[in-house]
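>>> next input, structure requested:
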Amino acid sequence: MAVLIVLLVTVLVALLALLYKWSVAKYDTFTQRGVPHASPLPLLGNVPPKGVVGRLPFLQFMIEQHLRYTDHKIYGVYAMRDPLFFIKDAALIKAIGIRDFDYFVNHKAIPNNLQESILSKSLISLKDLEWRQVRHTLTPTFTSSKMRVMFELIHACSVQAINGIGEKLERSASLHSDGIELEMKDVFTRFANDCIATVAFGLQVNSFKQRSNEFYTVGQALTQFSAWSMLKAVLYSIMPSVMKKLNISVLKKEHVDYFKSLVFDAIRQRKQQNFKRPDLIQLLMQAQEQITRTTTTNAEEKPEGLTDEDVLAQCLFFFFAGFETISITLCFATYELCMNPLVQSKLFEEISDMQNHLEGKPLDYNDLNKMDYLDMVVSETLRKWPTAIATDRECAKDYDLRDENDEVVLSLRKGEVVQIPIFALHHDPENFPEPQEFRPERFSDEHNSEIKPYTYLPFGLGPRSCIGNRLAVMELKLMIYNLVLDYNLLPATKTVTNMLQSIVGFRLQPKELFWLKCVPRKTN
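As a prediction, the model looks like this:
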């Protein structure tokens, strides 16, 4: 018995030693490369222990990591085992994102069985020539002329949302003049859901009347990651090959199958009935007939047309890109308006002026784009609360990253990945004085030139920037316009006072959610 215990203890000690050696194997990376960094902990790296269990104010942590290297142009962070190279100098960011883009065309691959079959075909995952071809195909979807067509679809969704708030107010026990306290994430998620359904999938839904419609419920299930889903994502980042062999996926197959059926049925019906609609599916169907893609297999180029699965992949990509990001940004925008009443008052004044100018005519795309202060409010929201907290680029071949004096700052090897810390850049007082203050005037004609190039990156930068930024901004502006037109936004009893500290874990929302009070305006 004693021998068995000794043997078990020996095996356990050996396993722990192997685990330790494995967990710290990459921890000499920054030292060898001369990259400033903090001392890592075994397995955790620079992530505090509470970060593993989702209790870390993650955004605050990113800012603190960034600001501790004031005199440096790059810095390193060990995210558990993985060394991440962060670029904080604007000139270096320009070099990576624009000047030497051919060295940094691709994002880091996402290892996941389900993604490999579907999402690996989406724009954000495609690489090199395939990415260039699909990007070129999708670009016409977001021209000004297409925005004008989509404007009516988005406007209708914003009206549905405002009507939904009004109906809730009527059903509430409080008097209309007292307003109603609402959790705005639910409101804006339903709005974003309906926008994506109509623009990307050609499906008209009203998630305020049919609150449990299938598109909404499946979308919620697909984007609301559970603790188990987050753990699987972490395990994929640590041991992707093991997770793939175990055939474990972050996303549930039945949820993806729903969208697959939706897209494939739409394609089949449109072909059979010769039906056309100005949406993403239609544009991609047209592209199927117009372009030939080139894929590379075993070093041989093979021409391949845009398949129905490629169409599905792009629709799913726009679903993920729009479902959560639009709703979260609207939550932050309205939160800032309620916490900054002078800003809200000035915005309402501009909206009222536009209503008077319209003289009863409906708002159109050109009218919306004439509203300077609304544009400033949206820009400052995206500055203070960018949903893309960071973006990455994978080095295609060995490359010396040089500063403006042509000195080598970092020698990158093929396959290594650099990070551009968007959220931290936006909260760096060197880039934006008093960054925690919400000041739309930063983006006025008078002050816009004071913003350092390549430090304001809400949609990324260069050829790999967000292709749907025009559509996203239009959605944000339309919803804010109609909401502020009808309602005065005030803090509710459960409104968060310190937003940055309240956001814990990797989800960009406070644990208390987004509560506001909507009071009908008497001027309407």
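>>> flag the shaky bits of the stretch 151-300 of the chain, pLDDT-wise.
173-177, 224-251, 290-300 (pLDDT under 70).
>>> would you map the helices across it?
Along the stretch 151-300 of the chain, the segments classed as helices by DSSP state H, counting those that start in this stretch run 184-200, 214-223, 227-238, 240-245, 253-273, 280-290.
>>> quick one: closest of these to residue 47.
Of all these, it is helix 227-238 that lies closest to residue 47, at 10.4 Å by CB to CB. For the C-beta atoms, the positions are set from N, CA and C on the backbone; glycine is no exception.
>>> just to revisit the earlier point, mean neighbour count, the helices of the stretch 151-300 of the chain: which tops it?
helix 184-200 (a mean of 24; mean count of other CB atoms under 10 Å).
>>> next, the angle helix 253-273 makes with that one.
40 degrees (axes from the mean of the first three to the mean of the last three CA atoms, to 10 degrees).
>>> circling back: tabulate the helices of the stretch 151-300 of the chain (CSV), appending distance to residue 170.
Listed next are these as CSV, based on distance: least, CB to CB, whole Å:
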stretch, distance to residue 170
helix 184-200, 15
helix 214-223, 22
helix 227-238, 38
helix 240-245, 50
helix 253-273, 33
helix 280-290, 35
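>>> which one of those helices lies nearest to residue 374?
helix 184-200 (16.8 Å).
>>> off-centre distance for the closest one?
Centroid separation between helix 184-200 and its chain, computed with CA atoms, centre = their mean, to the nearest Å, is 15 Å.
>>> mind saving the C-alpha coords of it as CSV?
Output of helix 184-200 as CSV, limited to C-alpha atoms (Å, rounded to 0.1, in the frame of the first residue of the first chain):
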residue,chain,number,x,y,z
MET,A,184,-32.2,49.0,-22.9
LYS,A,185,-30.1,46.0,-23.9
ASP,A,186,-33.3,44.1,-24.6
VAL,A,187,-34.8,47.0,-26.6
PHE,A,188,-31.7,47.5,-28.7
THR,A,189,-31.1,43.8,-29.2
ARG,A,190,-34.5,43.4,-30.7
PHE,A,191,-33.9,46.4,-32.9
ALA,A,192,-30.6,45.0,-34.1
ASN,A,193,-32.2,41.6,-34.6
ASP,A,194,-34.9,43.0,-36.9
CYS,A,195,-32.3,45.1,-38.9
ILE,A,196,-30.1,42.1,-39.6
ALA,A,197,-33.1,39.9,-40.4
THR,A,198,-34.3,42.3,-43.1
VAL,A,199,-30.9,43.6,-44.5
ALA,A,200,-28.9,40.3,-44.4
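>>> now for it, which elements pack on it?
Packing partners of helix 184-200 (3 or more CB pairs under 8 Å, 6 or more residues apart in numbering; DSSP states H and E): helix 144-171, helix 214-223, helix 280-290, helix 308-339, helix 469-486.
>>> residue 95: which of those is closest?
In terms of CB to CB, the element of the helices and strands packed on helix 184-200 nearest to residue 95 is helix 469-486, at 22.1 Å.
>>> buried stuff in that closest one?
By 16 or more other CB atoms under 10 Å, the buried positions in helix 469-486 come out as 470-486.
>>> before we move on, back to that, what's the closest of the helices of the stretch 151-300 of the chain to residue 371?
Residue 371 lies closest, by CB to CB, to one member of these: helix 184-200, at 19.3 Å.
>>> that closest one vs helix 280-290, what angle?
For helix 184-200 against helix 280-290, the angle by the same axes, to 10 degrees is 30 degrees.
>>> could you shift the numbering so residue one becomes 17, and keep it that way?
Sure, I'll start counting at 17 from here, so that last one is helix 200-216.
>>> lovely, talk soon.
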